[in-house]
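Asks: Whatever this is, show me its structure:
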Amino acid sequence: MLPSGYLAVHMVDELRILDLGLKPLRDIAAPAPPPPGPPRRTLPGDLGALLDRQPDRTADLEVVVGDTAFPVHRALLGARCDYFRQRLEGGFADGAVARLSLPDVDPEAFALLLRFLYTGAVDIPAALLRQVAELADRLLLPELCRDAQAQVLAEVGPESVVDAMLWAESRGAGFSQLLSELKAWHLEHYEEVLRQARSSLKRLATEDPELMVELMESREARVTKVARRH
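Replies: Below you'll find the model as predicted:
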């Protein structure tokens, strides 16, 4: 069938065109795509929006940090954080209270921790990495603690590595992996530390001579190993 409406018939040695009286087909345009709908909603997005709306009378608990009261949702905190679950269980004194107090906590760090509890992710400014890591360790949130520690390691430089090592060592077992990684970074960048932050090595020798000796032994072993290869 030709676009004109004629029928073309091919035979052995001839081609016949037959007029069947059909009207030519009009060009059929493709249907317009439907208008874009609203963006797909997600649980983290909805819970983040819920947090941003506070106070909206849906919260059934306040967490007081310094001079700041954070309206929150008891069930969500209990489900997402072992520390709050333990404090809010019925058998404990805090189980039925409408207000919890967290002493010695930075409100900005707690706001970031809340964002993590509601959404599962949070962007932590460099200035608050240590506070968030310490708070996450205290409130039994190992995932957030590891995330913050990883950022501490990523931000470290010759001028800050000694201070970071002293801090990590002071925090105990929950920071042992970070301490090991900082030691390895220091070993790899020792010459830079020596050139750019010599005073930090003096501080290390004064505040933690055992760690200083350990690092020097690792440095000596590294130099010896390289010398043997050559």
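Asks: and F110, how many neighbours?
Replies: Using other CB atoms under 10 Å, F110 has 20 neighbouring residues. Glycine gets a C-beta too; all of them are placed from N, C-alpha and C.
Asks: So it: helix, strand or coil?
Replies: helix (DSSP: H, G, I helix; E, B strand; the rest coil).
Asks: Name the residues that touch the longest helix belonging to the chain?
Replies: With secondary structure taken from DSSP state H, the chain has its longest helix at helix 209-229. Around helix 209-229, the neighbours that count as contacts under CB atoms under 8 Å, 6 or more residues apart in numbering are 165-166, 169, 183, 186-187, 190, 201, 204-205.
Asks: Kindly recompute the last result at 6 Å.
Replies: 187, 190, 204-205 (CB atoms under 6 Å, 6 or more residues apart in numbering).
Asks: Buried ones from these, can you make that a PyMOL selection?
Replies: To isolate the buried ones among the contacts of helix 209-229 in PyMOL, judged by 16 or more other CB atoms under 10 Å, type:
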select buried, resi 190+204
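Asks: Which one of the contacts of helix 209-229 is nearest to P107?
Replies: Comparing these against P107 with CB to CB picks out L204 as the nearest, at 32.4 Å.
Asks: which SSE is that closest one in?
Replies: Per DSSP states H and E, L204 falls inside helix 198-207.
Asks: can you pull out the strands in this protein?
Replies: Ranges of strands in the chain, per DSSP state E, are 6-10, 15-19, 61-65, 68-72, 99-101.
Asks: In the protein, which residue is most central in space?
Replies: Against the mean C-alpha coordinate of the chain, by CA atoms, centre = their mean, the closest residue is A121 at 4.6 Å.
Asks: Tell me how many other residues crowd the residue nearest to that residue when sequence neighbours are not counted.
Replies: The shortest distance from A121 to any non-neighbouring residue, by CB to CB, 6 or more residues apart in numbering, is to P44 (7.0 Å). P44: 12 surrounding residues under other CB under 10 Å.
Asks: Wait, P44 touches Y118, no?
Replies: No - using CB atoms under 6 Å, P44 is not in contact with Y118; the gap is 7.7 Å.
Asks: Name the spans of the protein whose pLDDT lies under the cut-off.
Replies: 1-12, 18-29, 90-95, 230 (pLDDT under 70).
Asks: Make TSV from the contacts of helix 209-229 and add distance to I17 to it.
Replies: TSV is the format used below for the contacts of helix 209-229 (distance: CB to CB, whole Å):
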residue	distance to I17
L187	88
Y190	90
L204	97
A205	102
